[in-house]
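Asks: A structural model of the following input is requested.
(chains A and B)
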Amino acid sequence: MATPSSTATQATPAVAKAAAARHKGGGPGVFGVLAHIALAVWAILIIFPVLWTFLASFKTNAEIFGDPLTLPSSFAFDAWVRAWDKAHIGQYMWNTVFVVALSTTGTMLLGSMAAYVLARYEFPGNRIIYLLFVSGLAFPVFLALVPLFFVVRNIGLLGTHAGVILVYIAYSLPFTVFFLTAFFKSLPTSVAEAAMIDGCSHTRTFFQIMLPMAKPGLVSITIFNILGQWNQYLLPIVLLPGNVEDKWLLTQGIANISTNAGYEADWPGLFAGLSITVVPMVIVYIIFQRQIQSGLTSGAIK
Amino acid sequence: MRHGKYPFIIGFLAAPLILYVVFVISPYLQAFYIALTDWRGITATPNFTGLDNFARLLEDDVFWAAVRHHIVLLVAMPLLTIAIALFFAYLLNLGGGSRGGRMNGVAGSTFYRVVFFFPQVLAVAIVGVLFQAIYRPDESGVINGVLARFGIEPIGWLTNPDIALWSIIGVMVWQAVGFYVVLFSAGMSAIPKDVFEAAALDGAGRIRMFFSITLPLLWDTLQVGWVYLGIAAFDGFALVQVLSVDRGGPDNATTVLPLEIWRNAFNFSKYGYASAMGVALFFMTITFAVLTLRVTRRERIEY
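Replies: Next comes the predicted model:
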């Protein structure tokens, strides 16, 4: 992603400066003001809904259905406690952390192993196996939905976290293998060869030499997988049906609370649940925004 | 390479490959067969009915409503997202004017980029719940509350069948723009600065530079963006399922194929019919991807 910034700028001739001076609107002119207004409006469009939700979690039902542009009358965390305990957001959060921790670890381990072998070893069937993995990128998940449900049910893993974890790993493999195969191919071969000559086994070469060398690629794709799996909605609602509510994940839990909020009339609870979900994302995002941006766009920039 | 190459290869490939074949490849292949049956999940062996499901699809109004919505999504969503993202990316990277012949972004561009990208890290389902309150049809809704201050009557963003789909598209664009701002920014920063310097010397203004330099040199990135957004236009499941009235309503005004697949399979147990819809969706997606790559292929500009 990093691009070599042109060195030509240092050698800018005086002519260019003169031309730039002639070029109108060089400073913050009318154009600059309009540009800032456009950017600020979009920033407000992003921040406002999130901030409004956060504030609504402190409001009462009456306040929520009153004028939307007022502040809550008091800042008590009642609704947050209700959402965490009674609406099981705490449980869903913990379930999601558990599932994503295992599924991302599994994805990275299995994905990098497969990618490494496919990138660095020649054997009959190499190309076919690689294409088999990559072909998964071309199919919409919805095509597989019905048979997938029955495969998981027949194995006896329907309604279990193990089933969700295995399915997450399987569906994350195409992109992970595609990305990491290209990455392993781009690494120099000399270090691994030297290690092999020194008597290092294939397995040890992979774990102690190649994986550390592939760290930048692994970080990007790990972030990509964590976010993708954390935000998954379709697979949980299919694989963790209504009879195993205690195993639900965060996205399906929030969606369900929003359906029920109307019946139970606990709107502050809904917005507190949303805030509990969104606030950690905001914090994690602000800390790691650079890595997250490059991780998520890594798929599009080769 | 020496000793034990094949045991190592098999050892490393076996687990990922088995997992992948069981949970990904085999369901995809089964789907094509199930689509040709009347399977309702009760009988162990489904009856083979040939193309009956597809014949029924052609007469299904809901199916055609969904297809129409995908066409609207396919045109409007990428167009709006790319136009807005290009505009912002240009402002952030090159809109600050040229100082010393060098193009700069506007002040605070890092802040804007961080804020714009944020919706991308939120789950679509969470965004859907978030926007339920924004779009509420009376004056307690956030948008209608603001409009009320200006004396404008509340609008049924999600309850009016004529605008419900557009409200959904609005949320998709809201969420996607930041990603493409970052993507296009990366592409723009890869364009050598001396190209802009030369253009500035020749007296080209900002708008001219955008259309004559930035856009053509960004073509590859734009193409990637278009394919991504186009594929996203064939999804829309989570947002429509969570946000729209009656899941795809009002009166099927916002429904999409993935939602109908899910509904037919898990609400009506029409597994054969749902799979036929899946096959139709697959062919639509593939056709789109191939056509886009064909039509937008251009000679690559080397720089």
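
Asks: give me the residue from the stretch 201-302 of chain A nearest chain B.
Replies: Per CB to the nearest CB, A:Asn231 is where the stretch 201-302 of chain A lies closest to chain B, at 3.6 Å. In this view, the C-beta of every residue, glycine as well, is placed from N, C-alpha and C.

Asks: okay, residue 242: pLDDT?
Replies: If you meant another chain, say so; for now it's chain A. On pLDDT, A:Gly242 comes in at 80.

Asks: actually, chain B is the one I wanted.
Replies: On the pLDDT scale, B:Val242 gets 89.

Asks: give me the nearest residue to it, chain neighbours excluded.
Replies: Excluding the flanking residues, the one nearest B:Val242 by CB to CB, 6 or more residues apart in numbering or on different chains is B:Gly128, at 3.2 Å.

Asks: contacts for the helix or strand containing that neighbour?
Replies: Assessed by DSSP states H and E, B:Gly128 sits inside helix B:124-134. For helix B:124-134, the external contacting residues (CB atoms under 8 Å, 6 or more residues apart in numbering or on different chains) are A:49-50, A:52-53, A:56, A:64, A:231, A:233, A:251-252, A:254-255, A:258, A:270-271, A:274, A:277-278, B:119, B:122, B:141-143, B:171, B:174-175, B:238-239, B:241-243.

Asks: ok, the most centrally placed residue in chain B - contacts?
Replies: Nearest to the mean C-alpha position of chain B, by CA atoms, centre = their mean, lies B:Ala232 at 2.4 Å. Contacts for B:Ala232 (CB under 8 Å, 6+ apart) come out as B:77, B:172, B:176.

Asks: nearest residue to the middle of chain A?
Replies: Note: chain A centre (CA atoms, centre = their mean) maps to A:Leu227, 1.8 Å.

Asks: could you list every helix and strand in contact with the helix or strand in which A:Pro236 is found?
Replies: A:Pro236 is located in helix A:234-239, with elements delineated by DSSP H and E. When contacts are defined as 3 or more CB pairs under 8 Å, 6 or more residues apart in numbering or on different chains; DSSP states H and E, helix A:234-239 packs onto helix A:141-155, helix A:161-186, helix A:250-264, helix B:257-266.

Asks: contact partners of that helix?
Replies: A:141-142, A:145, A:148-149, A:152, A:158-159, A:163-164, A:167-168, A:171, A:248-249, A:251-252, A:255, B:237-238, B:258, B:262, B:266.

Asks: mind checking the pLDDT average for that helix?
Replies: 92.

Asks: where's A:Val117 relative to chain B, distance?
Replies: Look at A:Val117 and chain B: by CB to the nearest CB, to the nearest Å, they are 5 Å apart.

Asks: what values do phi and psi take at B:Phe48?
Replies: Backbone torsions of B:Phe48, given as degrees, to the nearest 10, read phi -80, psi 120.

Asks: I'd assumed B:Thr37 was in contact with it.
Replies: Yes. The pair B:Phe48 / B:Thr37 is scored as a contact, 5.6 Å apart, by CB atoms under 8 Å.

Asks: and these two? Which one has more around it.
Replies: B:Thr37 (21 against 12; other CB atoms under 10 Å in any protein chain shown).
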